[in-house]
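*Asks:* Provided below are the primary sequence and the corresponding predicted coordinates.
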Amino acid sequence: MPFRLLVVASLLFTACSADHGPRLTPSPSHASLFGQVDVTFSGDVAALGDIQSVTVGHIAAYNVRATASDVTVTLQGAPSPGAVDVEVVGSRGSSLHRGAFTYDPPAAGVPLVWAAFGASYTHGCVSLGIDAHTQVHGISGDIGRAAGVYLGLPLFVDGLMPALQTSDFNADCSPKSGAGSIDAGKLLGQIGDKLTDPATGLYDLRRGRIDTTLVPRNVAVGGSKVADVLDGGSSYVALLENLVEDPNVQGSDALRSPDRSQIDRLEALDPDVAFTTDLMGNDMDMAVIQSDDLHPEMATPLATMQAGLTQMMARLGRLHGQYFIANMPSLTAVPNVAVLRAKLVAVGASTDAFDAKVKELDELAAGYNDALVQAVAPYPNLHIVDFKGQVESQLGGIRVAGEWLTGDRFGGLFSLDGLHLTDTAYALYANLFIDAINGVLQTQIAHVDADAIHAGDADAPSVLRAAGLTCVPPPR
């Protein structure tokens with residue numbers, strides 16, 4: 001009797017999982033593991049009724065657009081190459097076909113398992129906003145796409161963290177109604193309001209993710225400091241971290257530090273390659289973005305940074321993969337510092353105290369970088385990427401797609417918040433990482449086409465001038 005039951009169960013499973021429904025032909029028929037491309041499946045879609053879901057390789061596609069004869073979706077990629085199943089579920093039936101789409105392997109020598117960690121640059125933030133566009137077209141997306149590898153991006157829904165727009169500024173570039181300020185309490189309130197279920201009055205993090213079932217491999221969380229990457233964040237960082245790691249955390253638990261930190265997750269995955277583009281930035285950024293003055297006291301003390309980096313690099317150094325870790329440019333290069341100093345000069349005030357704070361912060365940034373060098377030194381699988389050098393070489397100006405870009409306010413390298421990068425600058429930064437990765441792995445990952453990215457960059461100086469902002473640096 002047990003044998004007969006087993007046979008019946010097996011037959012039932014086979015019947016339920018066999019190809020069925022109208023055959024839908026994909027175009028294109030294959031994609032890289034990174035995904036994030038549109039695919040159209042053509043056939044008798046009308047027979048399925050209203051389309052409810054599309055999965056490709058057991059990973060949900062998103063941005064579903066259906067007609068009677070086709071359905072177009074955006075893929076999220078896949079962790080492994082090969083032929084995968086496609087299932088389309090509608091209100092009147094479903095279509096399941098085995099091996100109907102193919103994910104391509106990465107180029108020769110490029111390992112399969114990648115991850116990203118860190119803070120808002122790596123997470124995918126532009127002009128204080130994070131959404132599917134900024135995540136896919138930020139630096140992590142650029143690197144993953146170029147390498148043809150899966151990063152499992154934890155895509156945020158549109159409107160959860162909307163980016164600043166030119167309409168948030170007056171013609172003289174002064175912000176309207178506090179736009180452009182980075183206030184953790186304000187951000188927590190705004191995000192919390194959108195994540196709150198109106199029926200219960202409680203946080204429902206599922207309201208903030210496009211796909212609540214996807215397990216991310218880009219585990220970076222905006223706002224994280226080194227201590228948060230090590231041990232998990234609190235307050236709004238915890239909220240974002242839970243949204244990234246487990247959007248099924250609900251209610252007041254959404255503000256609780258998660259059970260696993262970013263480093264815990266890296267240890268569990270043990271990727272072949274991992275990178276972080278902004279590990280130390282949040283330990284100093286609040287010191288340079290205030291509207292009244294520089295505040296060195298808001299930066300993480302050097303001794304605390306040294307201890308955190310030493311612990312983190314020891315844990316990463318025990319893993320088998322290759323880790324690429326950016327150093328930090330002096331954050332006194334952000335546009336707000338020049339703006340604050342210019343205000344003092346305009347009223348004839350002394351800049352001596354201000355300049356002393358600039359020097360203090362520059363020295364602290366150098367100390368952070370020295371601490372990173374010392375922390376990675378014992379571990380041959382840890383590699384420093386010289387972001388500091390790139391910033392110093394490009395802030396004065398670089399020409400991309402014929403347009404001169406600078407690190408000045410609205411100069412094309414910093415986005416509208418004056419801290420996070422533009423799409424174009426992220427592309428340039430991604431190429432720095434690609435060069436470092438190619439050098440270590442002896443691969444030939446192609447550069448991101450920064451000219452093509454710039455053609456669609458909403459924060460390009462030419463676009464900002466056309467929008468009527470009069471403070472944008474003149475073309476040259």
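*Replies:* Cool, the structure landed.
*Asks:* Could you use CA atoms for every contact and neighbour count after this?
*Replies:* Noted.
*Asks:* Return the per-residue confidence for F34.
*Replies:* On pLDDT, F34 comes in at 98.
*Asks:* Give me the number of neighbouring residues for the closest residue to it other than its chain neighbours.
*Replies:* Nearest residue to F34 in three dimensions, chain neighbours excluded: Y150, at 4.4 Å (Cα to Cα, 6 or more residues apart in numbering). Using other Cα atoms under 10 Å, Y150 has 28 other residues around it.
*Asks:* Could you pull up phi and psi at Y150?
*Replies:* Note on Y150: backbone dihedrals following degrees, to the nearest 10 are phi -80, psi 130.
*Asks:* got it, and P26?
*Replies:* The phi/psi pair for P26 (degrees, to the nearest 10) is phi -80, psi 150.
*Asks:* Does it touch S42 like I think?
*Replies:* Yes - taking contacts as Cα atoms under 8 Å, P26 lies within contact range of S42: 6.5 Å.
*Asks:* what's the lengthiest strand in the chain packed up against?
*Replies:* Looking across the chain with DSSP state E, the single longest strand is strand 93-104. Contacts defined by 3 or more Cα pairs under 8 Å, 6 or more residues apart in numbering; DSSP states H and E place strand 93-104 against strand 25-27, strand 30-32, strand 82-90.
*Asks:* try 10 Å this time
*Replies:* Judged by 3 or more Cα pairs under 10 Å, 6 or more residues apart in numbering; DSSP states H and E, strand 93-104 is in contact with helix 2-17, strand 25-27, strand 30-32, strand 51-56, strand 82-90.
*Asks:* Next, the contact list for T213, please.
*Replies:* I59, A60, P154, R206, D246, P247, N248 (Cα atoms under 10 Å, 6 or more residues apart in numbering).
*Asks:* A helix includes it, no?
*Replies:* No - assessed with DSSP: H, G, I helix; E, B strand; the rest coil, T213 is coil; it does not lie in a helix.
*Asks:* Distance check, it against A268.
*Replies:* Separation of T213 from A268 (Cα to Cα, to the nearest Å) stands at 18 Å.
*Asks:* Then P335?
*Replies:* Distance, P335 to A268, using Cα to Cα: 39 Å.
*Asks:* out of the two, which sits in the busier spot?
*Replies:* Counted by other Cα under 10 Å, P335 and A268 do not tie: P335 has more neighbours, with 20 against 11.
*Asks:* Verify the stated contact: that one with L421.
*Replies:* No - the criterion here is Cα atoms under 10 Å, and P335 misses it with L421 at 11.8 Å.
*Asks:* Can you check which residues contact both of these two?
*Replies:* With Cα under 10 Å, 6+ apart applied, the overlap between the contact sets of P335 and L421 consists of G407, F414.
*Asks:* between the longest strand of the chain and strand 51-56, how big is the angle?
*Replies:* Relative orientation of strand 93-104 versus strand 51-56 (axes from the mean of the first three to the mean of the last three Cα atoms, to 10 degrees): 30 degrees.
*Asks:* neighbouring contacts of the helix or strand just after strand 93-104?
*Replies:* As assigned by DSSP states H and E, the chain's next helix or strand after strand 93-104 is strand 114-116. For strand 114-116, the surrounding residues in contact (Cα under 10 Å, 6+ apart) are 79, 122-123, 140, 143-144, 147, 149-153, 216-220, 262, 265-266, 269-277, 321-324.
*Asks:* Low-confidence stretches in the stretch 351-476 of the chain?
*Replies:* For the stretch 351-476 of the chain, no stretch is flagged by pLDDT under 70.
*Asks:* before we move on, the earlier item: what subset of the contacts of strand 114-116 is buried?
*Replies:* When the contacts of strand 114-116 are checked for burial by 16 or more other Cα atoms under 10 Å, the buried set is 79, 122-123, 140, 143-144, 147, 149-153, 216-220, 262, 265-266, 270-277, 321-324.
*Asks:* and the residue nearest to T406 when sequence neighbours are not counted, how many neighbours does it have?
*Replies:* Leaving aside its chain neighbours, T406 sits nearest to G397 (4.3 Å; criterion: Cα to Cα, 6+ apart). The number of residues packed around G397, counting by other Cα under 10 Å, is 17.
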